[in-house]
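Engineer: Show me the folded form of this:
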Amino acid sequence: MYRETVIIEGLVDGMRFSKSILLSYNPQQETIEEAIINFYNSQARTFDELAVQRGWGECYWTFPSYSKVV
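Structural biologist: Numbers count the residues shown, from 1 in each chain. Next up, the predicted model:
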């Protein structure tokens, strides 16, 4: 079982949003995109379909960038 933080960014009603979610998933059973869809209890087949269902425009998901302070 993996635990990953994923950032979802996009537009809702013309306003930009950024949301982080913590996923727990088994990469042997599902992809991270499927884990995002399951997080929202959706029957969507793709992340793009989930975005349409949720009313998100210009939407994508990414991993957070971690900066290393020296």
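
Engineer: So residue 61 belongs to a strand, correct?
Structural biologist: Yes. Under the criterion used here (DSSP: H, G, I helix; E, B strand; the rest coil), residue 61 sits inside a strand.

Engineer: quick one, what contacts it?
Structural biologist: Going by Cβ atoms under 8 Å, 6 or more residues apart in numbering, residue 61 touches 6, 7, 8, 9, 33, 36, 47. Bear in mind the C-beta positions are built from the backbone N, C-alpha and C, glycine included.

Engineer: give me that answer again for 10 Å
Structural biologist: Counting by Cβ atoms under 10 Å, 6 or more residues apart in numbering, residue 61 touches 6-10, 19, 21, 32-33, 36, 47, 50-51.

Engineer: okay, now residue 8: neighbour count?
Structural biologist: Residues lying near residue 8 (other Cβ atoms under 10 Å) number 21.

Engineer: which stretches of the chain form helices?
Structural biologist: 32-39, 47-54 (DSSP state H).

Engineer: Let me see the confidence value for residue 67.
Structural biologist: Reported pLDDT at residue 67 in the predicted model: 58.
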